[in-house]
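**Q** mind looking at a prediction? Sequence and model below.
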Number of protein chains: 2
Amino acid sequence: MNSKGIVLSIGDAHVEDTLKAYRQKLEDAILPEYSIELPDTIESLKNKQFNSVKYLYEHKLLSETEFNITDTPASELVPKLAKGELTAVDVFKAFAKRATIAHQFTNCAMEIFNDEGLERAKYLDEYMAKEKKPIGPLHGLPISLKEHYNFKGKVTHSAYVSLIDNVTPEHGATTQVLENLGAVFYIRTNEPQTLMHLCSNNNYIGLTRNPYNLSLSSGGSSSGEGALVSFGGSPIGLGSDIGGSIRSPSAFSGCIGLRPTTQRVSLGGSTSALGGQESVPAVQGPMTRSIDDLEFWMEIYINQGKPWETDCNMVPLPWRKVDVPKVDSLTIAVMYDDGLVKPTPPIQRGLKVTADKLSKAGAKVVEFKPIKTKLAYDTVHKMYCCDGNDAQKTLLAESGEPLTKLTQWNLNYGDGGRPFSITENRQLNIIRDTLKQEYTDFLNENKIDFILSPTYNNVAPRPEEIYNWSYTSLFNILDLPTLVFQTGLFQDPKVDKWDDSHSTYEFRSDLEKLELDNYIPENFTGAPIGLQLSGRRYFDEEVVAAGKSIIELLKVDLHNIY
Amino acid sequence: MNSKGIVLSIGDAHVEDTLKAYRQKLEDAILPEYSIELPDTIESLKNKQFNSVKYLYEHKLLSETEFNITDTPASELVPKLAKGELTAVDVFKAFAKRATIAHQFTNCAMEIFNDEGLERAKYLDEYMAKEKKPIGPLHGLPISLKEHYNFKGKVTHSAYVSLIDNVTPEHGATTQVLENLGAVFYIRTNEPQTLMHLCSNNNYIGLTRNPYNLSLSSGGSSSGEGALVSFGGSPIGLGSDIGGSIRSPSAFSGCIGLRPTTQRVSLGGSTSALGGQESVPAVQGPMTRSIDDLEFWMEIYINQGKPWETDCNMVPLPWRKVDVPKVDSLTIAVMYDDGLVKPTPPIQRGLKVTADKLSKAGAKVVEFKPIKTKLAYDTVHKMYCCDGNDAQKTLLAESGEPLTKLTQWNLNYGDGGRPFSITENRQLNIIRDTLKQEYTDFLNENKIDFILSPTYNNVAPRPEEIYNWSYTSLFNILDLPTLVFQTGLFQDPKVDKWDDSHSTYEFRSDLEKLELDNYIPENFTGAPIGLQLSGRRYFDEEVVAAGKSIIELLKVDLHNIY
């Protein structure tokens, strides 16, 4: 039993020692100047369903200056940095402090390197002083990175113990682009074993907690980013998504996230077991507390970063300026239920409130009747493990590390981990393309602009109690750009109870029963209610612009909510 | 033995009868008003290495008006049609005649339907008279289509006898886009059994002959398009390319062709055995006699056809206007030899003449030293048959049709047709991406704008004597946009002899020996010498613009050459 409560007996002294040193380094990175005294033990705080975001503000854990900096959207920070109104060092220190506190509450960081961040910030200030201009369009902006992106000279393990010595010689493609644009790196964030959970458990540092309710999961697999960004410890975090891994932590932890269409944001130079798997592509994307920041990042990254120059798999599609549409010009199809797992009361409420407000503001709101969602679910889950999960199993077996609960679950996706033939895989690809075309035709024929849907059938689950990916993975197999936004609503045990009909509800599957039996209203107090908005493939700009309209309508300001 | 000299005994009376009727329909489509009396039997013409293009002009097989129309580039025809200076019917009839003659010489058509073409042209003329405007930006332009694109209400068999009853209910995506833009269809063209030959043999109508030397192959697999477009029987033909199938017939038959980057031109709604195979994607692309027409087609198809609206797999990347670069601004790397199969004397001459002219005009010309071309070759050939060619074999076995020589060859690509595991296929994908990145980095680091290379180690081969795909398939695995252009040079047996060193040349492989032993200068008289120009992924516009510079430098006018 190690200090994080993880049982691990691998029987390899080198690995055991290296793991111990890895964890110790993370503990040592909690520097006195950035850290706080926690109000109680983590165990007690969890028992209280503690809201750390509320505590942060109410107990003024930061100075006024630090709050000002860390609650300023990135799109406003960057011009101030460029004009010299703020120094990179001041901005860095404020975020380093807030990130460290976020980590103390949520265990969001896999690795903290504030020393290097500070050095980089100092260098940027010196550059400004000397050159009288910023080094690039993201000069001095702190950006957090999910651990599995390769980082020059650091170990990149993707939460596999077998990769504990895997020092990556170069930055991943997007990391390098961001460094060239002037970003400051200081933290790499937590992710689950295999990356294939919508939660966070692993044998390095264990689970990440939800900042709004420490007893709940922060989501996954961009688990640490969800908690960190939602807490305000990073203005922009980068996640990756093959089945919901940007969207689940964004929705659960309380921030905004975009799963872009493929080939716009490079995931080149990242470590995972899924290299060469192309039937359902993984994408990288931003997580923020402001929709403006999300757009700001996409525009600068794409138009000025030109990722296609260094990653041959990117498409040189510029980020277009798109007007924010008037709500009354929108036609939105609302998916109240995907036909597989019925949403719980808080999600039902979130959908209803949003749909009602849209309707009242003049939008055309129609009901989205599920189109072959079961086929989509079955197909995408088979695609994940066409290799019989051979690559994952190999990486796990190499160290002999214990399998977490959700790894045991995901290794049986598809046909229970049976390897598929190439012919079968090609048939799955054809099914996928037929589904994509059906959804495209549906949107076109019915003149629907966007689909509004749950991100998951529930709000943030309790740790390792999340089995259903149907609401998120649908948009991976369809490759539709999908935004997660916050409704500004939070779960309320008094309000969000099952209605009477639920007692006689006939579950449509074991999966549905497993998921819905887990919903006991009292366990989810204060969990954020986030939803998905999906648009047409490669029209990410329109999705973000419509997201602005909706967020404005809902009057949600994530820099001031808890 | 049927009328085309094909032995076929399938033992299924329905199939035999349907095949017979299919062939009879094609013969019946050679209408008296469009056809000519051939100067000799095909067998005699082949023995004479007959140049049918020369004969067309020298014996004035068309009227002056018909020559004027069919020798006017599409980009000039379309404005004349739009202004009413030419009628759609007149334009159609001229091309129908030239196409019919092309077919008589080369056997390029799989299906001719001049009656429907004429009806469509009449409809368009009536539309113009009534509406005082063209129906679309391609109003009245005849366009030829490779057979395997689905055509509404017609059989689409992709040269598999088992698909002889496969009536496709809808147009393929690109065909539909072009119809919407105002195109006139009248001919579907020949392709080889399985589509996986750089030649044309099949059990429907057999081989297509090269218009410049009837004893040679027109290339493949867009075999009919190569012969038809080069002969001038279609202003714009559409081919498809997974290993060289646009470029080989363009180079061999004497026209221009573009293998675009993937996801710009839709191959959606086509029939083949390769559905769901994505490791090496097939693309559709235009074949023309003028580089302006090629650009004209790409611009209108992409910017006005917006194929992404109907094919969800297309990228909405507009076709950009790009200035034609000055030759002295270009840096071009010339691949004189890919390290696998040495080019024959006419190809060596074509490369040298082009490189010399580029150098003299001020371009920076450097030698391209092959980068892992053997690995690329092995990898792409394995990718073609990762399924152990299961899909091809199934479609072949269903009818029991005899396998052509090159089908027997291609069914053994990779590891002799052994099925790969998903893990192996993923590893191949990783190798492919590493290769793509290496080439991208090479171009960037050496500031190279374009790669100039042979299309094949030889000019047009004799029928079914083409085994090596290395020069074309390299750019499929790299997914680089690649233009085939004509040097304006033709094989000359007196000039294009092996130099003395060849007698002691040590072949680097059996493949190289097989290929080079086939080069007997006297057999290739007058074969066009076409080369490839490749640029950066998704920068198709720059490749076409540079192609213009080079073609202008070489002073090649394919509307006036034989």
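**A** Nice, thanks for sending it over. Here the structure is a predicted model, which means the values were calculated and not measured. Numbers count the residues shown, from 1 in each chain, chains lettered A, B, ... in the order given.

**Q** ok, now which ones touch the residue of the stretch 101-250 of chain A found nearest chain B?
**A** Here the stretch 101-250 of chain A gets closest to chain B at one residue, A:Ala173, 9.3 Å apart by CB to the nearest CB. Where you see a C-beta, it was placed from the backbone N, CA and C, and this is true even at glycine. By CB atoms under 8 Å, 6 or more residues apart in numbering or on different chains, A:Ala173 lies in contact with A:266-269, A:307, A:310-311.

**Q** do A:Arg98 as well
**A** A:Arg98 neighbours (CB under 8 Å, 6+ apart): A:56, A:62, A:66, A:70, A:231-233.

**Q** check A:Tyr377 too.
**A** With the criterion set at CB under 8 Å, 6+ apart, A:Tyr377 makes contact with A:340, A:469-470, A:473-474.

**Q** and the helix or strand harbouring it, how far out from the chain's middle?
**A** A:Tyr377 is part of helix A:373-384 when elements are defined by DSSP states H and E. The chain centroid and the centroid of helix A:373-384 are separated by 21 Å, computed with CA atoms, centre = their mean, to the nearest Å.

**Q** and the gap between the residue sitting furthest away from the middle of chain A and A:Arg120?
**A** Here chain A reaches farthest from its C-alpha mean at A:Lys130, the gap being 37.9 Å by CA atoms, centre = their mean. According to CB to CB, to the nearest Å, A:Lys130 and A:Arg120 sit 16 Å apart.

**Q** if we can go back for a sec, just the buried residues of the contacts of A:Tyr377.
**A** Burial by neighbour count, judged by 16 or more other CB atoms under 10 Å in any protein chain shown, picks out A:340, A:469-470, A:473-474 from the contacts of A:Tyr377.

**Q** give me the number of residues near A:Ala546?
**A** 26 (other CB atoms under 10 Å in any protein chain shown).

**Q** I figured it hits A:Leu533, correct?
**A** Yes - in terms of CB atoms under 8 Å, A:Ala546 counts as a neighbour of A:Leu533; the distance is 6.4 Å.

**Q** so what sits against both of the two?
**A** In contact with both A:Ala546 and A:Leu533: A:Phe450, using CB under 8 Å, 6+ apart.

**Q** in the stretch 151-300 of chain A, which residue sits nearest chain B?
**A** A:Gly276 (3.0 Å).

**Q** can you tell me the element that residue falls in?
**A** Assigned by DSSP H and E, A:Gly276 falls within no helix or strand.

**Q** in the stretch 201-350 of chain A, what residue spans correspond to strands?
**A** Using DSSP state E, counting those that start in this stretch, the strands found in the stretch 201-350 of chain A span residues A:209-210, A:213-217, A:236-241, A:256-259, A:283-288, A:331-334.

**Q** which outside residues touch the third one?
**A** Put plainly, it is strand A:236-241. By CB under 8 Å, 6+ apart, strand A:236-241 touches A:74, A:141, A:143-146, A:148-149, A:174, A:189, A:195, A:221-222, A:225-226, A:228-229, A:245-247, A:249-250, A:257, A:259, A:267, A:270, A:282-288, A:293, A:297, A:472, A:476.
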